[in-house]
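**Q** generate coordinates for the sequence data below:
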Amino acid sequence: MIGQLTILAPGLLGGSIARAAREREVARRIVIWARRPETRPALAAQPWCDAAAESPEAAVHGANLVVIAAPVDAIVPLAAQVGPHLSPGAVVTDVGSVKGLIAREAPGAVGKAAHFVGSHPMAGSERTGWEHGSAALFDRRTCFVTPLPATDAHALAVVSHFWRDLGGEVATVDPDLHDQIVAHISHLPQALASTLCAFLSTKDPAWRDWAGGGLKDTTRIAGSDPQLWRSIFAQNRDPLLAALRQFQTELAGLEQALSHRDWDAVTALLARGQDYRKNLRS
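**A** This next block holds a predicted model:
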């Protein structure tokens with residue numbers, strides 16, 4: 001059991017971590033810091049929060065494990081802010097969905113006395129805010145852990161066990177490989193869903209009222225926070241661009257097949273898509 005778990009800047013993921021840690025008895029004490037002063041009393045009143053600190057520096061005092069749940073562009077600055085106040089041997093991780101830059105810069109930001117190990121749980125929804133958190137959010141969800149060759153072995157074990165204790169299934173990968181993977185299986189779907197909705201917004205507004213479940217299922221994640229995804233796209237720009245270009249080639253193949261009435265090619269593409277969808281984990 002972790003003596004003190006500190007969660008900085010909790011949104012949906014941070015709130016879910018706190019709930020899961022309390023329900024599963026992963027930590028004796030849970031301390032949270034939120035950016036908005038008016039949010040802190042509400043957090044302090046939750047049964048899964050033992051204290052809501054007034055500053056990040058105060059929140060990490062005495063912490064064994066610190067989870068930075070801020071947007072990706074704020075993770076390294078926040079790590080640098082709390083670095084001088086971390087206890088010797090403290091372990092710091094994050095939940096950012098882009099890992100290359102963070103994995104390279106955060107270890108230096110936390111200082112030599114503490115250890116940083118990047119991580120990214122593949123969990124969440126189009127909703128934001130700690131109020132929508134769930135203790136079951138990480139159940140059987142992949143949790144990427146992205147160490148560097150120089151990462152402390154004990155710190156790596158602490159972070160890996162932490163996600164397993166919350167119900168996740170840990171996959172240990174290189175940070176740059178992680179960014180390539182999520183560019184295809186997470187960031188590309190977000191880009192496509194948002195672009196589809198942006199395109200449809202240029203059509204007759206009445207059409208949206210006639211849409212069936214297919215459009216709603218396909219575009220659910222288009223309801224996500226635009227500022228959050230802007231930061232993610234900016235940090236994972238190159239892998240996402242590569243994925244978009246490859247997808248455009250696939251889409252052009254469909255366009256060409258339709259243009260030439262090549263129904264065998266259309267059927268083959270639809271069948272490949274069906275097979276991939278059938279084999280996704282439930």
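**Q** how confident was the prediction at the closest residue to W229 other than its chain neighbours?
**A** Leaving aside its sequence neighbours, W229 sits nearest to Q190 (CB to CB, 6 or more residues apart in numbering; 5.9 Å). C-beta: built from backbone N, CA, C; applies to glycine. As summarised for this prediction, Q190 has a pLDDT of 97.
**Q** elements contacting the helix or strand containing Q190?
**A** Per DSSP states H and E: Q190 is located in helix 188-200. Using 3 or more CB pairs under 8 Å, 6 or more residues apart in numbering; DSSP states H and E as the contact criterion, the elements in contact with helix 188-200 are helix 226-235, helix 237-259.
**Q** just these: most buried one?
**A** Highest mean neighbour count among the helices and strands packed on helix 188-200 (mean count of other CB atoms under 10 Å): helix 226-235, with a mean of 16.
**Q** now the angle between helix 237-259 and that helix, please.
**A** Orientation check (axes from the mean of the first three to the mean of the last three CA atoms, to 10 degrees): helix 226-235 against helix 237-259 gives 100 degrees.
**Q** any idea how far P175 is from the residue nearest to W229?
**A** 20 Å (CB to CB, to the nearest Å).
**Q** with T142 instead?
**A** According to CB to CB, T142 and P175 sit 15 Å apart.
**Q** any chance you could map the strands in the stretch 101-250 of the chain?
**A** For the stretch 101-250 of the chain, the strands defined by DSSP state E, counting those that start in this stretch cover 115-116, 118-121, 142-146, 169-172.
**Q** need those strands in JSON lines with distance to I17, can you?
**A** Compiled in JSON lines, the strands of the stretch 101-250 of the chain are given as follows (distance: least, CB to CB, whole Å):
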{"stretch": "strand 115-116", "distance to I17": "17"}
{"stretch": "strand 118-121", "distance to I17": "8"}
{"stretch": "strand 142-146", "distance to I17": "11"}
{"stretch": "strand 169-172", "distance to I17": "15"}
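**Q** now tabulate those in JSON lines and tack on mean pLDDT.
**A** As requested, the strands of the stretch 101-250 of the chain are arranged in JSON lines below (pLDDT from 0 to 100):
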{"stretch": "strand 115-116", "mean pLDDT": "98"}
{"stretch": "strand 118-121", "mean pLDDT": "98"}
{"stretch": "strand 142-146", "mean pLDDT": "98"}
{"stretch": "strand 169-172", "mean pLDDT": "98"}
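**Q** alright, calling it a day.
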